[in-house]
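> Here is my input, please return the structure:
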Amino acid sequence: MDKQETVCVVASRRSSVWLTAAPTWLPSWLCLDRRKLAGPEQLGFVYDVGHAQALARLGFYPHEEWLQRYSARIIGAHLHDAIGITDHLAPGLGEVDFDMAAAYLPEEAFRTCEFKSTNTAGQVKAGLEFLVEHGCIKCL
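Got it, this is the predicted structure:
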């Protein structure tokens with residue numbers, strides 16, 4: 001597998017089309033060259049907390065490096081916890097530093113929770129409360 005930073009998807013933001021990128025472990029031959037599809041003003045980053053954590057565990061990039069590189073382009077975040085390379089856990093059940101993540105999330109960025117169906121209702125509720133406590137979301 002090639003060392004790969006991003007996979008491209010199209011998303012909308014404020015009535016315009018943005019090309020976004022998110023951490024992935026897909027081989028490079030499956031990824032589009034985002035530079036050929038949009039100019040710098042149309043490139044955004046969807047920060048996937050659990051994927052960044054898993055990629056760090058696999059030795060690709062340190063988790064915080066994603067945030068340091070792309071924080072100015074974050075338009076959204078997929079929030080979930082991870083243990084090792086197992087992700088989509090309710091926040092608070094894994095190893096993700098959500099305080100670090102919250103420090104980089106722009107207020108206007110959308111948030112999406114991505115939890116496995118194996119998380120219980122209680123774990124999901126506690127996870128959402130955890131995200132509020134750590135500043136990743138404002139309120140429930």
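> number of nearby residues for the residue lying closest to residue 140 once chain neighbours are set aside?
Nearest residue to residue 140, sequence neighbours excluded (Cβ to Cβ, 6 or more residues apart in numbering): residue 128, at 5.6 Å. Every residue, glycine included, has its C-beta placed from N, CA and C. A total of 20 residues lie near residue 128 under the criterion other Cβ atoms under 10 Å.
> So which bits of whichever strand or helix holds residue 128 are buried?
Following DSSP states H and E, one finds residue 128 within helix 121-133. Buried positions in helix 121-133, judged by neighbour count with 16 or more other Cβ atoms under 10 Å: 123, 126-128, 130-131.
> Could you point out which of those residues is nearest to residue 110?
Using Cβ to Cβ, residue 131 comes nearest to residue 110 of those, at 13.6 Å.
> quick revisit: I'd like the buried residues of helix 121-133 as CSV, with pLDDT appended.
Listed next are these as CSV, based on pLDDT from 0 to 100:
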residue, pLDDT
123, 97
126, 97
127, 97
128, 96
130, 97
131, 97
